[in-house]
Structures are given as structure tokens and as C-alpha cells.
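Student: have a look; sequence and predicted model below, questions after that.
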Amino acid sequence: MPSNAIQMILSRQLADSLSVPVFLVDPEGNLLFYNVPAEAILGQKFEDTGPMPVGDWGTNFFPFDEDGTPIPPEGLPLVQTIHTQVPAHRTFWIKSLSGDSINISVSSIPLIGRDGDFCGAMAIFWNNKRNL
Amino acid sequence: MKVKLHGTRGSYPVSTAQNQKYGGNTPCVEVTEGRQRIIMDAGTGILGIDFGAYQDSDRIDIFLTHLHMDHIQGLAFCKPLFNPNQKIVIWGPADSEESLKTRLNRFLSPPLFPIPLRDIPSQLEICEMPNQAVEVGPFRILSEYISHPGPTLGYRVESGGKVLTYMPDHEPTIGRQGLYPEDEWVSGFDLAANADLLIHDSQYDAGEYQQKFGWGHSSLDMAVEYAERTGVKKLVLFHHDPNHSDAQLDEMFRAIVQNRSLDFSVEMAVQGAEIAV
Ligand SMILES: [Zn+2]
Ligand SMILES: [Zn+2]
């Protein structure tokens, strides 16, 4: 496997030091890394899964909208950022491992290196109950 | 390849009786293969290069890792720059906002230097390193951005079936205990993988590093861990802190190698040393 771009490596180091869930994906949408707080959302440990293709991680946390309609991967901000290379944001619901519905907001940003190369995207997941 | 260390000191040059063994010039490494030559960085060590000696090529190629002062300080006083018949190519990192030439011109222009870059008499070409390999004579040079403040490249130089990796300023992980377990998450891994010689940052001892997270440099322990991980055959500990005397560096080296069995050789960078690769 070729080395990740330095922007991606430094993003992982940042994610490692944060208490909010962070996801990092490559330009193809493969989930390259998620931090420990994000493991609670996916219900899996990065140590166990390693990187995951978009079809696997995009549905793992059962995202759905206000009407209860499941959101397909292409409706998720992170996947949109991968396609458009611009930031995206959306508030929606996910199912926790215990079956509760949690209202979250997701913001994703493109990671574009100094040479202008798009090397992937980073998203933070915000539990809207957290500060309310 | 022959690798000559003309400058091994980090941050700023020193010249005291306590710094004579390892040397006081800032980073510059001359790499030769037969009568061909490239130069890595242009710290004050570059002033020790004999530019008149053996050289087949009519041009001088200088590869800058980054533009921190200790890596370009010798450039302004480098004699070939003032020879109108001399072709010089300076390679270095691209940045998203300003060209390499514009950034170099900030240093090579008044009031920091009396002559602006455009008036330097030699035939000077300034090139940003591309994403693919650059070929200069027998050398094939690859680069990647590595972890250090500001755009900073590490280099992998291949020639005659041998590999030199040059990472004078590098903090592969920032304040984290150990490297990530997956190779693809290790800064510069592909550059250093299985190199015959790795010249790597080792500015601090382990205690000092605890106070210097994010400053962009490694401790000796980090450099050894990095060399172990990337499977190099020889590690040269480089970019000595200007505050460390010869005696302190001796002691730091003794502490790092004692009671440790390594499957590669390790030595401290000594100004003037020549290493056959
Ligand atoms: Zn330096
Ligand atoms: Zn530096």
C-alpha cells in the first residue's frame, strides 16, 4: 500500500488528539481512518477493521433523515465532499448501537495539499445533544 | 555513491572549542558518483565544497529540503553563484501561494543580502520539485513532503543500485509515543524504505523532546525507531542542536546505543566525514 499524503498523516494525528468523532477518507471514498470517539458511531474499532470501502462504512451507522428515510452514501456530507471537493454540512439522524436515534451534524472539508492535489476529506460528527 | 557531510549542525552555525568534533556548519551534504555531483541543502556547510574539483557536468544541482535559514544560509556566499559561465539549478519545495523563486528572493535580496536574485551573475534556474523522479546524471531523485513546519521535502537519491535518504528536519509523529503501526501512516516511509543510508534529524535527547512537541525535529530515539521501522542499513544522526557540546553529543550517542541491539549501523554525523554507499 503506498504511503498516505502528509496532509492525511497529519490529519490522523490531529484526529487522534480530539474528543469529537473524526473520519478520514481518500479520494475514492475509502475510509482510511477513524478515531476512538468515531468507533462508538461505527460500532467497530479501527484496529480491527483497518480501512473500509465506502459501501461498508456509509451504511454502518444507519443514517436517516427527518422523515425516517434512510440516507444513501451519496447523501452524506463526506461522500459529497469526495465528489465535489468542496465543504459540505448536513444534520440528520443515526441509530446508536443501543438502538437510540441520535441527532447529529456532520461537517466535512476537502484536504487539498500545497501542490493543489486533492488527497481526500475529513469530517467531524457532532452529537447535537452534546451542548444543548 | 560517496556522501560527504559538509554541515551537520541544526538551527544556526556554531564555532566554539566545544563544537569542533561534530562541527558547527549548518546542513549541506555533497553526493558524488564518479565525477558527477549533486548537493543537498545549502547551509553554511556548502562553503566547504570544492567547486573547482572533479566535475563532469557543467551545471551544479542543489536540492533544498526547505527554506529555513539553516538550510539556505550558505547559498548567498557560494562562489559559483557569481560566475557568469556557471549553470546552477536550485530545486526545492513548491508552496500553494508563492513560487519557490519568490520565496528564495525574500532572502536573496536587500536588505538581507545586497544583490537581488535577478542580478546574481550565474545562469541560475529555480525549479520546484515535481511529483515524479528527477534525473541528474546518474542520480534519480525522488521527494515527498514530510512532517516539519512549512513546506518541507525529504529526498531519496538512487544511483548505482544504492539508496541515500536525506531527512535533516523531520518530526515523524508529533508528541505521540511511537510511530503508527501501519507503514502508510508513517511520514516519508516510501522515501526511507530499505535505504542503504538514512541521514535523519536527531536534534534532541528524549527529555528535551518532551518540551519541543511540534517544533519539527526528532530525538535520537525517534530517529532510531524510524530507521528500524523503515529497514535502513545505516543511520546517520544529523542536525545536532547548536546548544549541545561535543561531550554532550558523545553522551547522547552512548545512551542511545547502549543495551540496544540494532540490525543496522548507527553513527553521529561528523562534519567532514565521507561515507561510501
Ligand atoms: Zn534545520
Ligand atoms: Zn527546518
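Tutor: Structure's in. What do you need? Ligands and ions are numbered 1, 2, ... in the order given.
Student: report all helices and strands that the strand ranked longest in chain A contacts.
Tutor: The longest strand of chain A (DSSP state E) is strand A:101-112. Counting contacts by 3 or more C-beta pairs under 8 Å, 6 or more residues apart in numbering or on different chains; DSSP states H and E, strand A:101-112 packs against helix A:6-16, helix A:77-84, strand A:88-95, strand A:118-127. Where C-beta positions appear, they are placed from N, C-alpha and C, glycine not excepted.
Student: which parts of that strand are buried?
Tutor: Buried residues in strand A:101-112, defined by neighbour count with 16 or more other C-beta atoms under 10 Å in any protein chain shown: A:102, A:104, A:106-111.
Student: does B:Ala42 touch B:Leu75 like I think?
Tutor: Yes: at 4.1 Å, B:Ala42 counts as touching B:Leu75 under the criterion of C-beta atoms under 8 Å.
Student: these two: who's more crowded?
Tutor: Taking neighbours as other C-beta atoms under 10 Å in any protein chain shown, B:Ala42 and B:Leu75 compare with B:Ala42 leading, 29 against 24.
Student: secondary structure class for that one?
Tutor: Using DSSP: H, G, I helix; E, B strand; the rest coil, the structure places B:Ala42 in coil.
Student: re earlier: quick check: neighbours shared by B:Ala42 and B:Leu75?
Tutor: Residues touching both B:Ala42 and B:Leu75 by C-beta atoms under 8 Å, 6 or more residues apart in numbering or on different chains: B:62, B:90.
Student: can you list the residues of chain B near ligand 1?
Tutor: B:10, B:70, B:169 (C-beta under 5 Å from the ion).
Student: of the residues you listed, which is the nearest to B:Ser147?
Tutor: B:Asp169 (9.5 Å; C-beta to C-beta).
Student: so the closest residue to that closest one other than its chain neighbours versus ligand 2, what's the distance?
Tutor: Leaving aside its chain neighbours, B:Asp169 sits nearest to B:His148 (4.7 Å; criterion: C-beta to C-beta, 6 or more residues apart in numbering or on different chains). Here B:His148 is placed at a distance of 6 Å from ligand 2 (C-beta to the ion, to the nearest Å).
Student: pretty sure B:His148 sits against B:Glu171.
Tutor: Yes: counting by C-beta under 8 Å, B:Glu171 is a contact partner of B:His148 at 6.3 Å.
Student: overlap in contacts, the two.
Tutor: Shared contacts of B:His148 and B:Glu171 (C-beta under 8 Å, 6+ apart): B:216-217.
Student: for the residue nearest the centre of chain B, which residues are in contact?
Tutor: For chain B, the residue nearest the mean C-alpha position is B:Pro168 (4.0 Å; C-alpha atoms, centre = their mean). Residues near B:Pro168 by C-beta under 8 Å, 6+ apart: B:10, B:27, B:40-41, B:65, B:71, B:199-201, B:238-239.
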